[in-house]
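S.K.: Fold the following for me, if possible:
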Amino acid sequence: MTAAPAPALIDELLPRFDEVERHELVVRAPAPAVYAALRRVDLLGPRVVRWLILLRGLPSALSGPRRRRPRGPVTLERLLESGFVLLGERAGRELALGIAGRFWRPAGERLALDADGFRAFDRPGHAKAVWTFSLEEQADGTTRLVTETRIQCLDRASRRRFRLYWRLVRPFSGLIRIALLRAIAREALRPRR
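M.R.: Now for the predicted structure:
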């Protein structure tokens with residue numbers, strides 16, 4: 001008898017949620033190449049991503065002190081230095097990031113939490129999000145690359161505020177995720193030296 005596969009990290013980390021965004025792309029490369037590309041791709045490389053992130057940060061830039069954008073590519077490692085936390089990884093197959101805050105506010109008010117702190121976090125007036133990438137190698141040698149984001153609001157007031165915000169940003173959030181999947185695919189197909 002074969003053991004049942006482990007549940008997806010996102011199902012373990014955030015089984016109950018208020019909103020979800022999911023996109024996928026079939027990449028004409030084996031899973032190891034796609035996973036390596038995921039770890040090294042510049043997440044702000046696609047022009048549409050840069051513009052949308054710039055627009056998202058505009059209210060905070062106009063109302064507060066200027067923060068310098070770090071130079072160089074923004075890889076997953078750099079993303080972890082900016083407020084996201086690595087919640088879990090199944091090397092070569094799946095990776096989960098988390099973040100908590102008040103995303104509907106101009107600066108997002110992201111909180112600095114470690115993985116245990118994220119799991120235990122339940123402060124009213126806030127929300128938390130889990131963002132995953134998962135890979136499934138197909139019989140024809142291609143890889144199905146999936147990104148999913150789930151958001152859980154921690155009380156009724158934050159749920160109401162987040163839903164208003166989400167109505168406005170969800171289409172753009174989808175554009176960012178689609179652009180990221182395409183960037184990962186291009187990186188996976190790029191010849192390595």
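S.K.: Show me where the chain has its helices.
M.R.: Here the chain has its helices, by DSSP state H, at 9-13, 31-40, 47-63, 76-80, 115-120, 156-189.
S.K.: Mind putting these into TSV with mean pLDDT?
M.R.: As requested, the helices of the chain are arranged in TSV below (pLDDT from 0 to 100):
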stretch	mean pLDDT
helix 9-13	94
helix 31-40	95
helix 47-63	53
helix 76-80	80
helix 115-120	94
helix 156-189	92
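S.K.: Now render the ones you listed as CSV, adding mean neighbour count and distance to Glu136.
M.R.: (Glycine included, C-beta is placed from N, CA and C.) What follows is those, written out as CSV (neighbours: other Cβ atoms under 10 Å; distance: least, Cβ to Cβ, whole Å):
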stretch, mean neighbour count, distance to Glu136
helix 9-13, 19, 14
helix 31-40, 19, 7
helix 47-63, 14, 24
helix 76-80, 14, 19
helix 115-120, 14, 24
helix 156-189, 16, 14
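S.K.: Make CSV from those and add distance to Gly141 to it.
M.R.: Output for these, formatted as CSV (distance: least, Cβ to Cβ, whole Å):
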stretch, distance to Gly141
helix 9-13, 25
helix 31-40, 9
helix 47-63, 28
helix 76-80, 25
helix 115-120, 34
helix 156-189, 12
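S.K.: Nearest to Ala127, out of those?
M.R.: helix 156-189 (5.3 Å; Cβ to Cβ).
S.K.: For Gln152, which non-adjacent residue is closest in space?
M.R.: Counting by Cβ to Cβ, 6 or more residues apart in numbering, Gln152 lies nearest to Phe17, which is 4.8 Å off, once chain neighbours are set aside.
S.K.: Quick one: residues contacting that neighbour.
M.R.: Listed by Cβ atoms under 8 Å, 6 or more residues apart in numbering, the contact partners of Phe17 are Arg150, Ile151, Gln152.
S.K.: Got phi/psi on it?
M.R.: Main-chain dihedrals, Phe17, degrees, to the nearest 10: phi -150, psi 160.
S.K.: Kindly give the local confidence score, pLDDT, for it.
M.R.: According to the prediction, Phe17 has pLDDT 96.
S.K.: Distance of Arg78 relative to Leu44?
M.R.: 9 Å (Cβ to Cβ, to the nearest Å).
S.K.: do the same with Leu164
M.R.: Taking Cβ to Cβ, one finds Leu164 at 27 Å from Leu44.
S.K.: any idea how far Ala36 is from the nearest residue to Pro32 once chain neighbours are set aside?
M.R.: Of all residues not flanking Pro32 in the chain, Gly92 sits nearest, at 6.1 Å (Cβ to Cβ, 6+ apart). With distances taken as Cβ to Cβ, Gly92 is found 9 Å from Ala36.
S.K.: where's the residue nearest the centre of the chain relative to Glu81, distance?
M.R.: Residue closest to the average C-alpha location in the chain (Cα atoms, centre = their mean): Trp131, at 3.7 Å. To Glu81, Trp131 is 16 Å away according to Cβ to Cβ.
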